[in-house]
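>>> Give me a model of this one.
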Amino acid sequence: MLDADTFPARDDGRAPDTPPPETGPPETGPPTGEPEAGSAASPRRGRRRGVLLGGAAVLVIGAGAGWYAAQQNESPATTSNSSLPTASVVRTNLTKTLDIDGTLGYGESLRVLGGGSGRLTWLPKVGDVIERGDRAYRVDGTSIPLFYGAAPLWRTLSQGVASGSDVLLLEQNLKALGYADGVTVDRTYTWATARAVRKWQKAQGRAQTGTVGLDDAVVQPAAIRVTKVEAVLGGSPGGTLYTASDTRKVVSVNVPVNEAQAVAREGAQVRVELPGGKKVAGKISGVGTVATSASGSQAQTGQGTETATVLVTITLDKKSSEKTLDGAPVTVGFSSSERENVLAVPVNALLATTDKDYAVRVVDANGTVRTVAVQLGIFDGDNVEVTGDLSEGMKVQVPPS
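The predicted model follows:
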């Protein structure tokens with residue numbers, strides 16, 4: 001065994017018999033702070049950073065995370081040349097949206113009631129649409145039509161009967177169907193009303209009496225779409241014959257109470273995203289006034305109030321609804337705030353310089369790159385509002401796609 005005294009120590013620190021190092025120019029390598037191609041990534045490489053604005057988390061570092069990590073190591077005053085992709089600073093209008101899941105369908109369910117004696121000899125099928133004047137069902141071969149109104153007929157109507165809202169309903173429907181020439185549409189049943197009734201009865205194949213019984217028409221608020229048939233042919237016409245719904249497609253959304261006041265305004269326009277990504281326009285047609293808890297019961301203090309919601313109904317634009325599914329899960333985009341004529345950049349152009357501060361890398365006309373601090377406004381899809389030392393048309397770096 002050899003010990004430490006076998007060879008004397010050397011002043012240059014080399015092992016015995018080791019030739020002296022060759023002299024020459026120093027080796028070249030990448031500048032300090034820029035990793036050599038193929039070398040291990042910085043510990044910050046690939047890290048995702050979230051931007052929290054107005055309660056919504058936005059990821060600003062994605063596929064280009066390595067680029068952002070490298071940029072963050074540079075001083076904001078550093079300039080350099082770069083061939084990375086760029087995007088333009090634009091002046092535009094932005095809308096902050098709140099996306100909430102909902103359900104597309106045909107609105108609330110309605111019950112269609114029949115009355116009188118006899119036997120049912122015709123019933124509609126599921127999916128049938130019944131409009132004003134159309135046959136709603138048939139008893140002993142006689143058609144019972146649909147009238148539009150807020151309440152059913154409740155008494156026999158004939159000349160001399162006391163004025164009332166049911167007379168007005170009758171005259172409105174006769175006029176809409178083209179039988180009320182010369183009739184003053186009001187709450188009074190006159191000889192002109194009786195004449196119009198006889199014309200309508202003749203067209204229906206009924207005895208021309210000029211009198212309307214309370215079971216001579218079915219009354220619903222508007223056109224209906226049959227959803228379930230409950231009665232059977234040959235049965236009595238009394239009771240529930242079938243259930244129906246509105247013919248307009250609507251979206252039902254349970255909006256959190258803490259968001260409803262800001263986004264759920266009757267008449268406001270919304271965006272509805274259907275399965276497959278197709279987007280159609282809609283309008284808020286109703287906002288509930290009672291909050292319910294997650295269990296579906298009315299929210300009580302201390303019981304589900306944090307998750308309480310109100311029902312918001314959205315009617316699709318007629319042109320949009322014609323080409324959509326009869327029922328489907330959807331996502332509704334509510335507009336919560338709008339900004340007009342503001343500067344915006346792509347979200348992926350943001351550079352997080354600290355946990356709360358952000359910047360973009362501006363590329364000047366000569367290719368020089370400089371870091372410009374920005375303050376963030378609202379997010380709208382892939383764009384974000386920015387303020388800082390920027391102007392429309394400037395180019396900012398974005399990660400390679």
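
>>> Which residue is the nearest non-sequential neighbour of residue 395?
Using C-beta to C-beta, 6 or more residues apart in numbering and skipping the chain neighbours, the partner closest in space to residue 395 is residue 86 (4.0 Å). Every residue, glycine included, has its C-beta placed from N, CA and C.

>>> all helices for this protein, in order.
All helices of the chain, identified by DSSP state H, fall at 65-72, 165-176, 191-204, 257-263, 318-321.

>>> Remind me what the second one packs against, helices and strands.
In other words, helix 165-176. strand 142-148, helix 191-204 (3 or more C-beta pairs under 8 Å, 6 or more residues apart in numbering; DSSP states H and E).

>>> Same list, those, but as CSV with distance to residue 336 and mean pLDDT please.
Shown next, in CSV, are the helices and strands packed on helix 165-176 (distance: least, C-beta to C-beta, whole Å; pLDDT from 0 to 100):
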stretch, distance to residue 336, mean pLDDT
strand 142-148, 37, 97
helix 191-204, 51, 97
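
>>> Which among those is found nearest to residue 374?
Residue 374 lies closest, by C-beta to C-beta, to one member of the helices and strands packed on helix 165-176: strand 142-148, at 57.3 Å.

>>> quick one: contacts of the closest one?
With contact meaning C-beta atoms under 8 Å, 6 or more residues apart in numbering, strand 142-148 is reached by 114, 122, 130-138, 153, 169-170, 172-173, 176, 204-206, 215-224, 237.

>>> Return that strand as PDB; C-alpha atoms alone will do.
Extracted in PDB, the C-alpha atoms of strand 142-148 (Å, rounded to 0.1, in the frame of the first residue of the first chain):
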ATOM      1  CA  THR A 142    -115.900  16.900 -33.900                       C
ATOM      2  CA  SER A 143    -112.600  18.800 -33.800                       C
ATOM      3  CA  ILE A 144    -111.700  20.900 -30.700                       C
ATOM      4  CA  PRO A 145    -109.400  23.700 -31.800                       C
ATOM      5  CA  LEU A 146    -106.600  25.600 -30.000                       C
ATOM      6  CA  PHE A 147    -107.200  29.300 -29.000                       C
ATOM      7  CA  TYR A 148    -104.500  31.600 -27.600                       C
END
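
>>> That one to helix 191-204, inter-axis angle?
Counting by axes from the mean of the first three to the mean of the last three C-alpha atoms, to 10 degrees, strand 142-148 points 130 degrees away from the direction of helix 191-204.

>>> Go through strand 142-148 and flag the buried ones.
142, 144, 145, 146, 147, 148 (16 or more other C-beta atoms under 10 Å).

>>> Next, the angle from that strand to helix 165-176.
Using the same axes, to 10 degrees: strand 142-148 against helix 165-176 is 100 degrees.

>>> partners of strand 142-148 in the sheet?
With DSSP bridges as the test, strand 142-148 is paired with strand 135-139 (antiparallel), strand 218-220 (parallel).

>>> Identify the bridge partners of the most centrally placed residue in the chain.
Closest to where the C-alpha atoms of the chain average out (C-alpha atoms, centre = their mean) is residue 332, at 1.1 Å. Under DSSP bridges, the beta-bridge partners of residue 332 are residue 100, residue 272.

>>> For it, list the residues it contacts.
99, 100, 101, 102, 251, 253, 270, 271, 272, 273, 282, 314.

>>> Could you rerun that using 6 Å?
Residues in contact with residue 332 (C-beta atoms under 6 Å, 6 or more residues apart in numbering) are 100, 102, 253, 270, 272.

>>> For residue 185, state which of the residues you listed is nearest.
Set against residue 185, the nearest of the contacts of residue 332 by C-beta to C-beta is residue 270 (36.7 Å).
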